[in-house]
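**Student:** pasting the sequence and the predicted model now:
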Amino acid sequence: MIGNFPYVAVVIFIGLGIYTLMFKKNLIKIAIGVVLIENGVNLFLITLGYRKGAIAPIYTQAPSGQAMVLPTPQALTLTSIVIGIATTALILSVAMMIYKHYGTLDADEVRRLKG
Amino acid sequence: MNLSNHIPILIIAIPLLAAFLVPLIGRISKKTTGILTTLALSVSLILTIALAVKILTVGPQVYVFGATSPSLILPSGLKFPIRIMFQIDAMSIFMGLITAIVSFVGAVYSLVFMKQHSGLDKYYSLLLLLTVGVFGMEFTGDIFNFFVFLEIASIASVALISFRGIDLGEPAEAGFKYMVVSSISALVVLFAVGIFYGQYDLLNFAALASVIKNSQLDKIALGLLIPVLAMKAGAVPMHMWTPDAYSEAPAPITMMLVAASQASLYALFRVVFSLYNISLNALTVGWIIIIFGLLSMFIGVTMAIIQKDIKRLMAYHAVSQTGYMFLGVGVGLAVLANPVALNQYGITAMEGGIFHIMNHAMYKGLLFLTAGALFFRTGTKNLDKMGGLAHSMKYTTIFFIIGAAAIAGLPPFNGFASKLLIYESVYRFNPLLSIIAMVVSILTLASFVKVFHSAFLGPKLPQFKEVKEVPRSMVFAMAVLSCIIIFFGLFPDLIVKNLVHPAVMSLIEQFKYTGTVLGGM
Amino acid sequence: MKEMSRIVKTVTNFVYGFIIIFGFYIIAHGHLTPGGGFQGGAVVGSAFALLLVSYGSLNSQKFLKKDILSLFEGFGLILFIVLGFSGLGITFFYNFLANSGGWFGDAVVIGVNPGNMNTGGVIPLMNIAVGLEVLSAFGVIVLTMASAAEFTKKKEKS
């Protein structure tokens, strides 16, 4: 039962991220919501590879005869973190451009495109 | 070193190499960036046509990265498919042809259209990266590789949409909305990839397709994947980003965004047909896709009639035409389990839907380019301020007439051929759907007559006195698309028999998809 | 942004060299220990962020120049794609240096081993290319955001 705790944490992260996206008005807080969802999904991917009682999947100077956790989800998560950095940098840059033009970061006041 | 074996990767690697060279060359001279981009994309176009000929005569191709065989042979004799690979069959190369033509035309058009902007080396580099991302989405045979290319395409397109945001505020707002939407959809796709990996330990499309069992978790993954990929393709009720993003991007970029949305549509069809195929409840999922199609068609065209901004109007029409593709393929999916109905009208419905993908890319691209030409000469996108431009811009008027007739479905242009296939086959499935499709087509024609009247007809306005025709490279770009539209309209059964029918059969027959990889293991 | 106090600047002067060396260590040993191109590049990028925060954006533009970092980024990317193309004899991204006896070409021991730096083939070279690209990209991103914030604050004050 205690082994399910990472999955509960994933649900909490994604839930908080969706709450922040839906109900907060500041553009930077919306960016933080996207980052929270991304952290939740990365945690989910890493937790998939866990095997009970196993050690890190590195051959260099490892004790012999030990089971190792799966290394493929770690590669997937690493790629996802790199993509997340590019996404965050771009969202923040676009938010800075919006601030430069409108002087405010409130999502209700920067809406010019309607209909 | 036999280069013809490496064509699948050269289609992607040459634009990627050009994308990395353009910023370095841009330091030395500014003019050669555009020429280098056009050169790289023309090489890509020629290689795509060569690969299409090879696939349609020989069969599906598999290209493995980093090794010669797609699986790893362990010392115990077990074969495990772990390599990243490209798997290109008739449907993938059909979408690849669309991307190659659209990106080449976009690069040629951008040579003059973007000339007075600064930071052009970054623009061309991003254009090449967007092309690489869309090609990768269409060619890949590995589900995580699809996620990576999806993110490459979305990040490049966000940067391109907000390209004019240095001076104006609206492109930045459109870019922000699009970035949040595409981030969320890519993360949900990654979540579904995690669900597949956790159950089966496989990431390869063909290997997953042979072991998938449609358990409860697989149903959850399908329920996550279908709405999210439809959201990236611009289906109602998830279409809110489409009008903003399409209207605020520069005109050649809007054309490539249409190709990128259709690549997500291709991924939806690939997941539903080749990954799940017989194991899912085809009637229910088919009806869900048909409902998406009906909503998109109707809401898209009714929102389009009332618009004043020409590119926003065309963006709503793009949403509406995507509904036709959903309708055609949804009818084919709904009768997938019923072989009699499939042969009678299911295959024809899918042929109509998939042929409509290529037709839509061609005529919608042409319409966006003419809107860009109008913006380039008059400086406005508002239909109330334009008028009487047919006197001075004759070529643009002719291209607009060709595009508007094609989108409304008038013969002898290509819209008529695909819409007729959809009407006839959907009528035999359920007559009401076909009648709604025809009403939408009439409303499309009405809204484009309105645009033609506002922008082109009427007396010459005094503030547009010195408006001339657009430069020759832009006319060349629009002429290429018009020639393809007229050719497809005059010889539709040539295209359907040679390009579209193999694509449809490669979607329906799942065993050929898995057999190409696993049989050669 | 404004520069910070003398204590912060002194500690930064002492520490940033070690952070950069640590980052390069992570890049270079990517095929043996946890780490690799991106992780090491991110560590060196955080050293650039430390310099920027402690010296202020106006002063740090004297020793962190955006043009040179952009040039390094281009070099890193070109090196990566050229390494991909040079395996084209068999297939793209083929590891043509592994088990061959040349650079990084010792035979790989499967299983638990004390770790030989000379193995890996093309992988350590790709780590270096990616690490160079990532550290330059971090530098350019952080410098551009700082100078844009400077520009906006000037507009606010006027």
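**Tutor:** Right, received. Where do you want to start?
**Student:** the residue in chain C that chain A sits nearest to: which element?
**Tutor:** Closest to chain A within chain C is C:Gly115: 3.7 Å, counting by C-beta to the nearest C-beta. Placement of C-beta: from N, CA and C, glycine included. Under the assignment given by DSSP states H and E, C:Gly115 is not contained in any helix or strand.
**Student:** report pLDDT for it.
**Tutor:** C:Gly115 carries a pLDDT score of 77 in this model.
**Student:** against B:Ala341, how distant is the spatially closest residue to it that is not a sequence neighbour?
**Tutor:** Nearest in space to C:Gly115, with sequence neighbours left out and distances taken as C-beta to C-beta, 6 or more residues apart in numbering or on different chains, is A:Thr60 at 3.7 Å. Going from A:Thr60 to B:Ala341 by C-beta to C-beta, to the nearest Å gives 61 Å.
**Student:** those two: which is more packed in?
**Tutor:** B:Ala341 (17 against 14; other C-beta atoms under 10 Å in any protein chain shown).
**Student:** report the mean confidence score over the helix or strand harbouring that one.
**Tutor:** Element membership for B:Ala341 (DSSP H and E) is helix B:339-341. The average pLDDT within helix B:339-341 is 81.
**Student:** ok, stretch B:119-129 near chain A or not?
**Tutor:** No - using C-beta under 8 Å from any C-beta of the partner chain, stretch B:119-129 stays clear of chain A, with a minimum separation of 11.3 Å.
**Student:** in chain A, where is pLDDT below threshold?
**Tutor:** Residue ranges of chain A with pLDDT under 70: A:115.
**Student:** helices of that one, start to end?
**Tutor:** A:5-23, A:27-47, A:72-102 (DSSP state H).
**Student:** check chain C too.
**Tutor:** Going by DSSP H, chain C shows helices at C:6-28, C:37-55, C:57-60, C:66-85, C:122-157.
**Student:** what sits closest to the closest residue to chain A within the stretch 151-300 of chain B if chain neighbours are left out?
**Tutor:** Closest approach between the stretch 151-300 of chain B and chain A, counting by C-beta to the nearest C-beta: B:Gly169, at 3.6 Å. Using C-beta to C-beta, 6+ apart and skipping residues adjacent in sequence, the residue nearest B:Gly169 is A:His101, 3.6 Å away.
**Student:** who touches the one you found in this structure?
**Tutor:** B:Gly165, B:Leu168, B:Gly169, B:Ala172 (C-beta atoms under 8 Å, 6 or more residues apart in numbering or on different chains).
**Student:** same question, B:Gln262
**Tutor:** B:Gln262 touches B:Met95, B:Ile98, B:Ala233, B:Ile357, B:His360, B:Ala361, counting by C-beta under 8 Å, 6+ apart.
**Student:** for the residues you listed, work out which two are farthest apart.
**Tutor:** Largest separation among the contacts of B:Gln262 by C-beta to C-beta: B:Ile98 and B:Ala233, giving 13.9 Å.
**Student:** wait, C:Ile90 sits on B:Thr68?
**Tutor:** Yes - contact between C:Ile90 and B:Thr68 holds when scored by C-beta atoms under 8 Å: they sit 6.4 Å apart.
**Student:** which strand or helix spans the nearest residue to B:Leu433 once chain neighbours are set aside?
**Tutor:** Distances taken as C-beta to C-beta, 6+ apart put B:Val426 closest to B:Leu433, at 5.0 Å, once the chain neighbours are dropped. Element membership for B:Val426 (DSSP H and E) is helix B:414-429.
**Student:** packing partners of the following helix or strand past that helix?
**Tutor:** Along the chain past helix B:414-429, the next helix or strand (assigned with DSSP H and E) turns out to be helix B:431-455. Contact here means 3 or more C-beta pairs under 8 Å, 6 or more residues apart in numbering or on different chains; DSSP states H and E; on that basis helix B:431-455 packs against helix B:282-305, helix B:310-334, helix B:394-408, helix B:414-429.
**Student:** one more time with 6 Å
**Tutor:** Packing partners of helix B:431-455 (3 or more C-beta pairs under 6 Å, 6 or more residues apart in numbering or on different chains; DSSP states H and E): helix B:282-305, helix B:394-408, helix B:414-429.
**Student:** the shortest one: which residues count as buried?
**Tutor:** Taking 16 or more other C-beta atoms under 10 Å in any protein chain shown as the basis for neighbour counts, the residues of helix B:394-408 that come out buried are B:395-397, B:399-408.
**Student:** and which of those residues is nearest B:Leu160?
**Tutor:** Nearest member of these to B:Leu160, counting by C-beta to C-beta, is B:Gly403, at 22.6 Å.
**Student:** and the closest one, how far is that from B:Ala245?
**Tutor:** Counting by C-beta to C-beta - B:Gly403 and B:Ala245 are separated by 20 Å.
**Student:** how about A:Ser64?
**Tutor:** 56 Å.
**Student:** hang on, the earlier thing: how about the helices of chain A in a markdown table, adding distance to B:Gly346?
**Tutor:** Output for the helices of chain A, formatted as a markdown table (distance: least, C-beta to C-beta, whole Å):
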| stretch | distance to B:Gly346 |
| --- | --- |
| helix A:5-23 | 38 |
| helix A:27-47 | 37 |
| helix A:72-102 | 37 |
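**Student:** on that earlier part again, tell me the most buried of the helices of chain C?
**Tutor:** helix C:37-55 (a mean of 21; mean count of other C-beta atoms under 10 Å in any protein chain shown).
**Student:** for it, what is the average pLDDT?
**Tutor:** For helix C:37-55, mean pLDDT is 93.
**Student:** can it be found next to chain A?
**Tutor:** Yes - remark: helix C:37-55 sits within contact range of chain A at C:Phe38, by C-beta under 6 Å from any C-beta of the partner chain.
**Student:** stretch B:72-87 too?
**Tutor:** No - judged by C-beta under 6 Å from any C-beta, stretch B:72-87 stays clear of chain A, getting no closer than 8.3 Å.
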